[in-house]
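Asker: Sequence plus predicted model, see below.
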Amino acid sequence: MKKHIITDDYYYTKTRDRIGGTIRTEVFKKNGIYEAFSSYWQDEEIVGYAKAYNDEQAVFISRKDLRKRWKEEQESKALIL
């Protein structure tokens, strides 16, 4: 996981995913706790979120949350059609 460091308390990463393409995860550190926000590069409406004491754990959980939310969105769209 390559970290693109912006400040001491903020960085982002990019990874590829078989489901929706490129995932961008932004990581913030506040009071010793990491908050991670993940979204697909082309679709920033659906966001996965996580908090953890370890930055890599926060990234992993936020990506997992993103995939879950994305699948739910796809299922709800399929029900409408």
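Answerer: Received, thanks. Numbering: from 1, shown residues only.
Asker: Would you mind measuring from the residue most central in space within the chain to residue 71?
Answerer: When C-alpha atoms, centre = their mean is applied to the chain, the residue found nearest the centroid is residue 38 (1.5 Å). In this view, residue 38 and residue 71 are 14 Å apart by C-beta to C-beta, to the nearest Å. Placement of C-beta: from N, CA and C, glycine included.
Asker: What of residue 19?
Answerer: According to C-beta to C-beta, residue 19 and residue 71 sit 8 Å apart.
Asker: quick one: buried residues of the helix or strand containing residue 39?
Answerer: Using DSSP states H and E, residue 39 sits in strand 33-40. When burial is assessed from 16 or more other C-beta atoms under 10 Å, strand 33-40 yields the following buried residues: 34, 35, 36, 37, 38, 39, 40.
Asker: Over to stretch 16-33?
Answerer: So for stretch 16-33, counting by 16+ other C-beta under 10 Å, buried means 20, 23, 25, 26, 27, 28.
Asker: One more: stretch 66-81?
Answerer: 66, 67, 69, 70.
Asker: could you give the mean pLDDT of the helix or strand the last one falls within?
Answerer: Taking DSSP H and E as the criterion, residue 70 maps to helix 55-80. With pLDDT averaged residue by residue, helix 55-80 scores 90.
Asker: That helix: how far from the chain's middle?
Answerer: Here helix 55-80 is found 9 Å from its chain centre; the criterion is C-alpha atoms, centre = their mean, to the nearest Å.
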